[in-house]
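[1] sequence first, predicted model second:
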Amino acid sequence: QVQLIESGGGLVQAGDSLRLSCAASGLTFSTYTMGWFRQAPGKEREFVGSISRTGGSTDAADSVKGRFTISRDNAKNAVYLQMNSLKPEDTAVYYCAAAYPGFTATRLQSRYNYWGQGTQVTVSS
């Protein structure tokens, strides 16, 4: 079955960096658009970023543009979220997700076929 397993979360201070990873199995990874979402306590899950199947196109939420970078390695069936200049408001559970086909409407959660279980990121002030 399809599995998406996030890792790399933790407790950091404001201004620090973290790199999240998502390892995929059970699907033809290179054919899927990948996305990152997050859910803060008491809030709805929101879009963070997405990357096309080849990595040639990306999108990012305005709140993270210039600080977060999404990348992928199709040879390793993995997608990454490099988070720099972290802020307390970035505290959330971060989820990776896979969407097929195409790189359209990637900000919509309904586009995604598979989801990981999430990894906690906590940023202290």
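    Sure thing, it's come through.
[2] first vs last residue of stretch 37-53, how far apart are they?
    Length of stretch 37-53, first residue to last, CA to CA, to the nearest Å: 17 Å.
[3] which parts of that stretch are buried?
    Phe37, Arg38, Arg45, Phe47, Val48, Gly49, Ser50, Ile51, Ser52, Arg53 (16 or more other CB atoms under 10 Å). (C-beta placed from N, C-alpha, C; glycine too.)
[4] likewise for stretch 89-102?
    So for stretch 89-102, counting by 16+ other CB under 10 Å, buried means Asp90, Thr91, Ala92, Val93, Tyr94, Tyr95, Cys96, Ala97, Ala98, Ala99.
[5] my guess is Glu46 contacts Arg38. True?
    Yes: judged on CB atoms under 8 Å, Glu46 makes contact with Arg38 at a distance of 6.1 Å.
[6] contacting residues for the residue nearest to Ala23 when sequence neighbours are not counted?
    Distance criterion CB to CB, 6 or more residues apart in numbering; nearest residue to Ala23, sequence neighbours excluded, is Ile5 at 4.9 Å. The neighbourhood of Ile5, defined by CB atoms under 8 Å, 6 or more residues apart in numbering, consists of Cys22, Ala23, Gly116, Gln117.
[7] ok, so of the residues you listed, who is nearest Val64?
    Lowest distance from Val64 to the contacts of Ile5 (CB to CB) belongs to Cys22, with 16.2 Å.
[8] need the pLDDT of the closest one.
    If you check Cys22, the pLDDT there is 98.
[9] now the helices for the protein?
    Here the chain has no helices by DSSP state H.
[10] in it, which spans are strands?
    Taking DSSP state E as the criterion, the chain carries its strands at 3-7, 10-13, 18-25, 33-39, 46-51, 58-60, 68-73, 78-83, 92-99, 112-115, 119-124.
[11] residues contacting Ala60?
    Applying CB under 8 Å, 6+ apart, the residues near Ala60 are Val48, Gly49, Ser50, Phe68, Ile70.
[12] tell me the contacts of the residue nearest to the spatial centre of the chain?
    The centroid of the chain falls nearest to Trp36 when counting by CA atoms, centre = their mean (2.3 Å). If you count contacts by CB under 8 Å, 6+ apart, Trp36 has them with Leu20, Cys22, Val48, Gly49, Ser50, Ile70, Val79, Leu81, Tyr94, Tyr95, Cys96, Ala97.
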